[in-house]
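[1] Sequence and predicted structure, then a few things I'm wondering about:
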Amino acid sequence: MTHAMDLPAWAAVLTALLVVLGAGLTLLGAIGTLQFGSFFERVHAPTLGTSWGTGAIVLASIVCFSALGLRPVVHELLIGVFITATTPVTLMLLARAALYRDRTEGDANVPPRSLLRSPGGSLSRDRSSDGPGESPSRDPQTPEVRPMTPI
Amino acid sequence: MTANILPWSVTAAQIMLVAAMGCYAYRVVRGPRAQDRVLCLDAMYVSAMLLALTVGIRTGSQVYFEAALILAVLGFVSSVALAKFLMRGEVIE
């Protein structure tokens, strides 16, 4: 690692701190997946690594290469934005799939479908349209929005 | 001292990231159900992406940034496809 000599001291210290912070958060999340008991608790644990684990290491890379090249290098932000945008999508799809599988098996630990009824009840039938763009939109003519109430 | 702090901390970070990948690999192998395996496979993709970034910091080359970007994209697409498969039983309908 010859380029470490070229780095100014503040950049080296900042990069070192950010790299260790990010990797430590990722390790904490990984240990969390081993410790939690159920899947719906476990799905929260890796987000430590995808939020500030990724953020800190991306910042460290930006600081390191900016100090080396003497100009701002910001294309690492692309990775940060991409991970931040895609992780909720992945985890929500996965949690819905897990909920569906648990309900299909009749698991008593997940709420049954009949407890949640959307206005019009269209949610229980149309399971494939999960995106916000094609969700079973209620009629814009009817302004009445009822909250989800347990029946 | 400041010349040595970066190699040591990057080495420590790489060890921590590999340990994290080991934890996820344990869940992938021993996970009680399929959704645990898919979740930890996605997290392993993210850890491998971070590992590529730290290797890039260590070597000072920009090549690893592109590898990390490709890893991030592949991890997202594969996890979405696997989640879709778990839910519907098929990927493309």
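    Okay, I see it. Numbers count the residues shown, from 1 in each chain, chains lettered A, B, ... in the order given.
[2] Residue 82: neighbouring residues, count only.
    Picking chain A for this. Counted with other Cβ atoms under 10 Å in any protein chain shown, the neighbours of A:F82 add up to 16. C-beta here means a position set from N, CA and C on the backbone, and glycine is covered the same way.
[3] that's the other chain; I wanted chain B
    Residues near B:L82, counting by other Cβ under 10 Å, number 22.
[4] For B:A13, see how far away the nearest residue to it once chain neighbours are set aside is.
    Sequence neighbours aside, B:V38 is the residue nearest to B:L82 in space, at 4.5 Å (criterion: Cβ to Cβ, 6 or more residues apart in numbering or on different chains). Separation of B:V38 from B:A13 (Cβ to Cβ, to the nearest Å): 26 Å.
[5] okay, the two: which has more neighbours?
    Ranked by neighbour count (other Cβ under 10 Å), B:V38 and B:A13 place B:A13 first, with 29 against 25.
[6] Contact partners for the more buried one?
    B:A13 sits next to A:19-20, A:22-24, A:57, B:54 when contact means Cβ atoms under 8 Å, 6 or more residues apart in numbering or on different chains.
[7] Contacts for stretch A:60-76, please.
    Applying Cβ under 8 Å, 6+ apart, the contact partners of stretch A:60-76 are A:3, A:6-8, A:11, A:14-16, A:18-19, A:22, A:58, A:77, B:53, B:56-57, B:60, B:62, B:65.
[8] contact partners of stretch B:51-66?
    So stretch B:51-66 is in contact with A:1-3, A:15, A:19, A:23, A:57-58, A:60-61, A:64-65, A:68, A:75-76, A:79, B:6-7, B:10, B:13-14, B:17-18, B:21, B:67-68, B:71, going by Cβ under 8 Å, 6+ apart.
[9] what about chain B, any weak spots by pLDDT?
    Confidence mapping of chain B against pLDDT under 70 gives the ranges B:1-3, B:91-93.
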